[in-house]
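Asker: sequence? don't have it. structure:
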């Protein structure tokens, strides 16, 4: 079996690739394995990490394409997340398709404050008469339908809330969450569990918990619980 094919087979079976182990199994150099992993990563077939690779997240395509990815799972996650928003409370709601599902799951008569850098989410809540909306300005990054840049960062530094609901593109025990509030919950539908993206955004000890529709017996979910992560499973 070619090194690249062997690496992909191992990734499918075990959920990770350790370059030195593949090199030893195939009797080739680690440099050769790393070159193959770079090529596979360039094709979007894996995500390079130190010493090897992890499954690539399917949530890195553009916003329109992501809306068609596991919509039922996102609605289940959203229902659990929306229940965390208390009457009279405030929430920082991240951008993305799962966060949009949360906005749509909020009761129409809920009195709350929503802070978001997503024009799509702000628009979805226009017809909620008791929801106070505070959109964060900046340049619109069309790929993800959110504002970004220095203006958005500066605005975000000046806000706080009772709750922060943050979307990510990958959730992995070793790679972490890849992409000053009372509670921060991560929104992750099942296709993101056990995958990784290029940039780490938070260590596990900085969040309150994870909301997902993944199988409670998923080895990654069980591993997260052993790390002390509160996992809320949407059914």
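Answerer: Now that the structure is in, tell me what you want to look at. If you're wondering where the values come from, they're calculated on a predicted model, not measured in any experiment.

Asker: how close does the residue positioned nearest the centre of the chain sit to residue 120?
Answerer: With distances taken as CA atoms, centre = their mean, residue 168 lies nearest the centre of the chain, 1.6 Å away. In this structure, residue 168 lies at 18 Å from residue 120, with CB to CB, to the nearest Å as the measure. Where you see a C-beta, it was placed from the backbone N, CA and C, and this is true even at glycine.

Asker: Mind listing what's buried along stretch 136-155?
Answerer: By neighbour count, and taking 16 or more other CB atoms under 10 Å as the criterion, the buried residues in stretch 136-155 are 136, 138, 140, 144, 145, 146, 147, 148, 152, 155.

Asker: residues in contact with residue 39?
Answerer: Contacts for residue 39 (CB atoms under 8 Å, 6 or more residues apart in numbering) come out as residue 4.

Asker: give me that answer again for 6 Å
Answerer: Not one residue lies near residue 39 by CB atoms under 6 Å, 6 or more residues apart in numbering.

Asker: where does it land on pLDDT?
Answerer: On the pLDDT scale, residue 39 is placed at 85.

Asker: quick one, domains of the chain?
Answerer: Recorded structural domains for the chain (assignment: the TED database) are 3-55, 63-233.

Asker: from those domains, which stretch is densest packed?
Answerer: With neighbours defined as mean count of other CB atoms under 10 Å, those peak in mean count at domain 63-233, which reaches a mean of 18.

Asker: Low-confidence regions, the protein specifically.
Answerer: Low-confidence segments of the chain (pLDDT under 70): 1, 3, 57-69, 169-182, 198-199, 201.

Asker: And the most far-flung residue of it relative to its centre, its phi and psi?
Answerer: The C-alpha centroid of the chain is most remote from residue 27, which lies 36.6 Å away (CA atoms, centre = their mean). Residue 27 adopts backbone torsions of phi 70, psi 30, taken as degrees, to the nearest 10.

Asker: Quickly note the distance from it to residue 33.
Answerer: As judged by CB to CB, residue 27 and residue 33 stand 11 Å apart.

Asker: Over to residue 133?
Answerer: Distance from residue 133 to residue 33, by CB to CB: 50 Å.

Asker: circling back to that earlier point, so how far is residue 28 from the residue nearest to the centre of the chain?
Answerer: Taking CB to CB, one finds residue 168 at 34 Å from residue 28.

Asker: Work out for me the element residue 53 sits within.
Answerer: Assigned by DSSP states H and E, residue 53 falls within strand 52-54.

Asker: and that strand, what does it pack onto?
Answerer: With contacts taken as 3 or more CB pairs under 6 Å, 6 or more residues apart in numbering; DSSP states H and E, strand 52-54 sits against strand 17-18.

Asker: strands paired with the strand it packs on, and their directions?
Answerer: strand 52-54 (antiparallel) (DSSP bridges).

Asker: Wait, residue 183 touches residue 163, no?
Answerer: Yes - the criterion here is CB atoms under 6 Å, and residue 183 meets it with residue 163 at 5.0 Å.

Asker: same for the helix or strand residue 76 falls within, what does it pack against?
Answerer: Here residue 76 sits within helix 71-82, counting by DSSP H and E. Other elements packing on helix 71-82 under the criterion 3+ CB pairs under 6 Å, 6+ apart are helix 97-105, strand 209-212.

Asker: need these in JSON lines with distance to residue 116, can you?
Answerer: Formatted as JSON lines, the helices and strands packed on helix 71-82 follow (distance: least, CB to CB, whole Å):
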{"stretch": "helix 97-105", "distance to residue 116": "8"}
{"stretch": "strand 209-212", "distance to residue 116": "17"}
